[in-house]
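Asks: Below: sequence and its predicted model.
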Amino acid sequence: MVRLVVGEDAAQKLNYISVTIDTVSRRINEISQNISEQVVDEIKKSPSFAIQLDESTDVSLSTQLLVFARYMVVGDFKVEFLFCKTLDTTTRAQDVLEIVNNFFDVNGLDWVHLVGVTTDGAPAMLSSRSGFQALVKQHAPLVTRVHCFNHREALA
């Protein structure tokens with residue numbers, strides 16, 4: 001295909017590029033890590049940020065925690081995927097908080113700058129005493145808590 005589109009010289013140069021499974025996998029991981037670092041750097045430069053969480057079960061019946069971030073960049077809001085982690089044991093609020101807190105610690109994100117948390121209606125997320133939102137309030141007392149109703153819209 002390259003030979004037809006750009007010529008013989010370009011096709012020959014491609015023969016020198018390593019495309020083993022390990023190389024492709026490594027490059028995908030490097031790109032993913034780089035994008036994650038860019039998002040975290042933008043969040044750190046933003047005066048405040050909010051997160052939206054959802055736990056979901058994939059096709060292998062493994063529970064995944066998906067976290068998105070909303071923050072400001074050059075006077076405009078930006079929404080980016082922050083991370084996806086497997087919930088190995090249970091989906092209790094404490095487990096979710098531990099994963100989010102660990103991500104914040106590893107990446108140098110400060111709870112003080114967190115101004116909003118959006119979760120679904122699961123008891124582990126919303127419970128006023130022991131839900132994830134209540135636990136976040138202990139780290140970021142000024143955080144605004146929001147209940148997401150996207151799932152109901154999708155069902156309707």
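Replies: The structure has been received and is ready for your questions.

Asks: quick one: the helices in this protein?
Replies: 2-6, 8-14, 21-45, 93-107, 123-126, 132-139, 150-155 (DSSP state H).

Asks: what stretches of the protein score poorly on pLDDT?
Replies: Low-confidence segments of the chain, defined by pLDDT under 70: 121-130, 147-156.

Asks: follow-up on the earlier one: point out the one among the helices of the chain that comes closest to Val59.
Replies: helix 150-155 (18.4 Å; C-beta to C-beta). Just so you know, the C-beta spots here come from the backbone N, C-alpha and C atoms, and that holds for glycine as well.

Asks: and the helices of the chain as a markdown table, adding distance to Asp58 and mean neighbour count?
Replies: Listed next are these as a markdown table, based on distance: least, C-beta to C-beta, whole Å; neighbours: other C-beta atoms under 10 Å:
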| stretch | distance to Asp58 | mean neighbour count |
| --- | --- | --- |
| helix 2-6 | 36 | 10 |
| helix 8-14 | 35 | 11 |
| helix 21-45 | 18 | 12 |
| helix 93-107 | 16 | 16 |
| helix 123-126 | 18 | 17 |
| helix 132-139 | 20 | 18 |
| helix 150-155 | 17 | 9 |
